[in-house]
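Student: Build me a model:
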Amino acid sequence: MRPRASLAAALAMCGALAGCGEAAGSPAGALDVPPPTATAASSPAASPAASPEAARVRPLGRPGAWRITTYYTAVESLHGGKRKAVKGCARFHCSHGRTPLGSYPAEFLAIVQEEGSGRITSGPQRGRYLNWSHSVGYWLDDTTRDSAGRPLRPWSSAAADKSVLGRGQRFAIVECGRDGNGHRIEAKVCAAFRKARWTVTDLFRPGYGGQNHADVYIGEETGTPFADSPFYTTLSGATLGPS
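Tutor: Residues are numbered from 1 along each chain as shown. The predicted structure follows:
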């Protein structure tokens, strides 16, 4: 994994519910469902360059000033390393429990602590989720959750600084900008992000999110770790509009 600060420790939701992670640089990732417009790669509207849509909408904040990062749910079977036993809460609505929750690959646990959640694929807890937050520790659950306790929705749930985008506010990404390395976002990737409609369900802790920064949930790994997909990326210099 790339070195980066754990966003799970930086979200307000992590104090009581599930955590979230943050993409901080080069592309990485795979999705639990096909991106909404993955078939539109050849369309002119999928280009990261200026689009007719961007010209028609009133932008949220300053155009070209947003940084959009992504977070996801890890899948145990896609990660290795020595298995490590963890303790925590065996149920939702619990904090810093000491109940044995099973043993999991070290790489999987590291990602859970970065991204906030992981689906278990082996042992007696198979099919459930191992969630983590800085203020709660590990806990077992039947789903990933937003700060209101609702399941996270791929290509819909987002987090932001409340001084920038308030809880419940909907937005669209109308221009993608460039990735964390300054490269243009691939057309099919930009098309997927632009097609989605996001709702702010989680808030950064004050001082952590940063001005003009939103974090969007792209779902669960499937088939291969997120290190191999362009959808786990950073959109630098993006433009947002109302949804």
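Student: and the strand ranked longest in the chain, what other elements does it pack with?
Tutor: Assignment by DSSP state E gives strand 66-75 as the longest strand of the chain. Packed against strand 66-75 by the contact rule (3 or more C-beta pairs under 8 Å, 6 or more residues apart in numbering; DSSP states H and E) you find helix 106-115, strand 117-119, strand 213-220, strand 235-242. For glycine as for every other residue, the C-beta is placed from the backbone atoms N, C-alpha and C.
Student: who wins for proximity to Arg83 among the ones you listed?
Tutor: Arg83 lies closest to helix 106-115 among these, at 7.5 Å (C-beta to C-beta).
Student: Who are the packing partners of the closest one?
Tutor: strand 66-75, strand 83-89, strand 117-119, strand 129-133.
Student: Report the buried residues of it.
Tutor: 107-115 (16 or more other C-beta atoms under 10 Å).
Student: From Ala191, how far off is Leu203?
Tutor: Distance, Leu203 to Ala191, by C-beta to C-beta, to the nearest Å: 28 Å.
Student: ok, those two, which is more surrounded?
Tutor: Ala191 (25 against 21; other C-beta atoms under 10 Å).
Student: On the three-state scheme, the more buried one is what?
Tutor: Recorded secondary structure, Ala191: helix (DSSP: H, G, I helix; E, B strand; the rest coil).
Student: quick one: buried residues of stretch 168-177?
Tutor: So stretch 168-177, judged by 16+ other C-beta under 10 Å, has buried residues 169, 171-177.
Student: any low-confidence regions in this structure?
Tutor: 1-57, 205-210, 227 (pLDDT under 70).
Student: Let me know the closest of the buried residues of stretch 168-177 to Ser236.
Tutor: Gly177 (5.1 Å).
Student: So what pairs up with the most centrally placed residue in the chain in the strands?
Tutor: Centroid-nearest residue in the chain: Tyr71, 1.7 Å away (criterion: C-alpha atoms, centre = their mean). Following DSSP bridges, Tyr71 is listed with bridge partners Tyr217.
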